[in-house]
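Engineer: using only what follows, build the 3D model:
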Amino acid sequence: MTVAQPDVTVVIGAYEAMPYLVECLASVEAQTLDPARIEVVAVDDGSTDGTGEYLEEFAARAPMPVTVIRQDNSGGPSGPRNVGLGKASGRYVFFLDADDRLGPEALARMVAMADENGTDVVLGRVEGVNRKPPGSMWGETLRRTDVYSSNIKFTLSAQKLFRRELLTRHGMRFDESLWTGEDALFTMEAYLRADGVSVLADYTCYYLVGREDGKHVTRTGGYVLRFDSARALMTLLADMLPPGPRRDVLMVRPFLVTLLPQFGPQFLKDDEEVRRHKVELAKPLMDAYWNADVARRLRVDERLRLHLLAAGRPDLLMDVVEFVRAKKEVPAVLEKNGRRLYLGYPHFRDSRAGVPDAVYRAEPREARTFPGYREGRIEIFLRRAGRKARRMLSTRAATPGGRAAAA
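Structural biologist: Now for the predicted structure:
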């Protein structure tokens, strides 16, 4: 008798996951998708708190097939995820962290979204429980979009629905040499290779749980690991995309999310040796990937800090970081009859510092929040054209000749 292929394999990497694992597995068992259409592959990564035993108990009573693999501790989430992915047989794969849980209709809704639109990746709305997840991508449900036309680049965690054929075709696996940011690398590659991405924003599919005991599968490590993560993601983007606007719009993510926090309030607390080391680690990344097109996509304070870093001026950088940390009111300088706005962060028009005025000029999106600013006709036209393009992209069906048309 031939066993039907499951629609989705839920891969769970678990390490010291009790008691959170109880609710995690209960949420899998409570899925409205037919249990016959789900398989679970759970990998116990050397737990000593009863995680492995509870997984085996669940496998014995669960309504869907469950495979439990127990192995020595690998030190991070990549190994267990790769083992689980290697055992998966579903049309889709969903990576569920053992601390977290699913909404009851999550798998049914995400599988339906992928099938109906022929998309390779589906993002289900995430809600935080004692944690704050990224939120800018949940403004509306998008049946079909891509990484350039939406804010999905700001959610690169692994908790997405992936078409397994996409992962298999490209031999995709999590990088086990990275201690942090391995999911960002994997997810960004999937976005770039995907034949369309869907965003399911009108139903909470995933509950991201903050553990009260402070333990997590991911070992966050020190600042050097953050630079490793930024370097890996920037290298991936450079390898997969030629220089130009598409690469630059995605480079914003590692600069803003991974690199810039190293030069925030913590930078003031670092000792001189750590500050020097951070600047050294950042230099090759700034030299290779920082440019005016990336810079104009950032707010003035973000752009200014990175500009000073690229210019090798950590002395001026300290002044700006201190100003931002203090949350001081920023002087606004309006010129050209209110159509040009500069923000007077430290060293603005200081001839000794020599920072170009362009670094302090607010782009329309930021400038609109300041009284007296008047948006020019060109900026209004571009904003309206951008909104129209995003609406058209979010409502169109699968491309002709794509999976939806061929089904």
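
Engineer: give the rounded mean pLDDT of the helix or strand where Thr67 lies.
Structural biologist: Using DSSP states H and E, Thr67 falls within strand 66-71. For strand 66-71, the mean pLDDT works out to 98.

Engineer: now for the helix or strand following it, which elements pack on it?
Structural biologist: Sequence order places helix 78-87 as the next helix or strand after strand 66-71, per DSSP H and E. Packing partners of helix 78-87 (3 or more C-beta pairs under 8 Å, 6 or more residues apart in numbering; DSSP states H and E): strand 8-14, strand 38-45, strand 66-71, strand 92-97. For glycine as for every other residue, the C-beta is placed from the backbone atoms N, C-alpha and C.

Engineer: quick check, distance from the first one to the centre of its chain.
Structural biologist: Read that as strand 8-14. Between the centre of strand 8-14 and the centre of its host chain there is 19 Å, according to C-alpha atoms, centre = their mean, to the nearest Å.

Engineer: quick one, that strand and helix 78-87 angle?
Structural biologist: Regarding strand 8-14 and helix 78-87, their directions subtend 150 degrees when assessed with axes from the mean of the first three to the mean of the last three C-alpha atoms, to 10 degrees.

Engineer: quick one: the helices in the stretch 101-250 of the chain?
Structural biologist: Read by DSSP state H, counting those that start in this stretch, the stretch 101-250 of the chain holds these helices, from start to end of the chain: 106-117, 164-169, 182-193, 223-240, 245-253.

Engineer: out of those, nearest to Tyr203?
Structural biologist: When these are ranked by distance to Tyr203, counting by C-beta to C-beta, first place goes to helix 106-117 at 5.7 Å.

Engineer: what sits up against that closest one?
Structural biologist: For helix 106-117, the external contacting residues (C-beta atoms under 8 Å, 6 or more residues apart in numbering) are 7-8, 10, 31-33, 37-38, 91-92, 94, 119-120, 122, 124, 143-144, 161, 163, 196, 198, 200, 203, 205-206, 397-398, 404, 407.

Engineer: go again using 7 Å as the cut-off
Structural biologist: Applying C-beta atoms under 7 Å, 6 or more residues apart in numbering, the contact partners of helix 106-117 are 7-8, 31-33, 38, 92, 94, 122, 124, 143-144, 161, 163, 196, 198, 200, 203, 205-206, 398, 404.

Engineer: of those residues, grab the buried ones for ChimeraX.
Structural biologist: Here is the ChimeraX command that picks out the buried ones among the contacts of helix 106-117, judged by 16 or more other C-beta atoms under 10 Å:
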select :7,8,31,33,38,92,94,122,124,143,144,161,163,196,198,200,205,206,398,404
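
Engineer: all good on my end, thank you.
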